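A.B. asks: structure here, sequence nowhere to be found:
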């Protein structure tokens, strides 16, 4: 067999074998690497390259070496799952770099991290002043996570005591001008509904780049033609406005009637509707 053909065959076989081994190691091997996984990844890649190009070496010895490395890596991962001490020894532990706005210089030296590198990492987390940081922790994978002090955290509905409704995943029902039937059925909708909503927006199906339906049945579209402005869905706002109008009408009827029994009924129903509006407001005003 000519050398160039053998290189092609070995390379293709290495790719297939390496893919199978990588799938065996799992997704963690390609996401957050520990020290040992980092070494394993480099070594396996180097062995695969050697199998492909070193024609003088026996190919099956390289395969055996790859298999041993993968087996050791699997055993290490199993040991980590079973023992916290093993995890701490192999992956190391998190290191506090900033506490209560104070930089822990000894921990910086321990991690061989300069103050310039620390500031660079903090800026990547939108933290420009160390005094505004409650905690900054270096994780075992080298990533720095930051917790800002309460007064410097973004304002959320929880800080204001506002209860908001749950949000489920939107379904993409149109892609490249084509209707996706499966996600549409997930929302309990059909093609006729899609065409009706597009008519309301005044756009054609073939001009829709992406169309998504949220948990409240509202259709949002992005068009191929960026010059066309598409109005935002108003179903929730209209429903909220209708409920408020009904509640205001009930109050007006209660004030205008002279019949005490009817007045009491209108006031009671108005109070009940006001409670309903208060309950559904987080769902309709966001």
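C.D. replies: Arrived safely. Being a predicted model, the structure only gives us computed values, none of them experimental. Numbering: from 1, shown residues only.
A.B. asks: where do the helices sit along the stretch 101-250 of the chain?
C.D. replies: Using DSSP state H, counting those that start in this stretch, the helices of the stretch 101-250 of the chain run over residues 105-110, 115-124, 181-186, 191-201, 235-256.
A.B. asks: any idea how far the longest one is from the middle of the chain?
C.D. replies: Pointing back at helix 235-256 there. On the basis of C-alpha atoms, centre = their mean, to the nearest Å, helix 235-256 sits 39 Å off its chain's mean C-alpha point.
A.B. asks: check the offset of whatever helix or strand comes next after it from the chain's centre.
C.D. replies: Using DSSP states H and E, the helix or strand that follows helix 235-256 in sequence is helix 260-284. With C-alpha atoms, centre = their mean as the basis, helix 260-284 stands 39 Å off its chain's centre.
A.B. asks: how big is the angle separating helix 260-284 from helix 235-256?
C.D. replies: Angle of helix 260-284 versus helix 235-256, following axes from the mean of the first three to the mean of the last three C-alpha atoms, to 10 degrees, is 160 degrees.
A.B. asks: helices or strands next to helix 260-284 in the packing?
C.D. replies: Judged by 3 or more C-beta pairs under 8 Å, 6 or more residues apart in numbering; DSSP states H and E, the packing partners of helix 260-284 are helix 235-256. In this view, the C-beta of every residue, glycine as well, is placed from N, C-alpha and C.
A.B. asks: may I see the buried residues of the helix it packs on?
C.D. replies: For helix 235-256, burial by neighbour count (16 or more other C-beta atoms under 10 Å) applies to 236, 240, 243, 247, 250-251, 253-254.
A.B. asks: now do stretch 221-228
C.D. replies: 221, 223.
A.B. asks: how long is it from one end to the other?
C.D. replies: 11 Å (C-alpha to C-alpha, to the nearest Å).
A.B. asks: other residues contacting it?
C.D. replies: For stretch 221-228, the surrounding residues in contact (C-beta atoms under 8 Å, 6 or more residues apart in numbering) are 174, 177, 198, 201, 203, 207-212, 230.
A.B. asks: just the buried ones from those residues, in PyMOL syntax?
C.D. replies: The following PyMOL line selects those of the contacts of stretch 221-228 that are buried, judged by 16+ other C-beta under 10 Å:
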select buried, resi 174+198+201+203+208+211+212
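A.B. asks: return the distance of residue 222 relative to residue 207.
C.D. replies: From residue 222 over to residue 207 the distance is 10 Å, taken as C-beta to C-beta, to the nearest Å.
A.B. asks: repeat for residue 106
C.D. replies: Taking C-beta to C-beta as the measure, residue 106 falls 61 Å from residue 207.
A.B. asks: low-confidence ranges in the stretch 151-286 of the chain?
C.D. replies: 157, 159-160, 162, 164-167, 231-237, 283-286 (pLDDT under 70).
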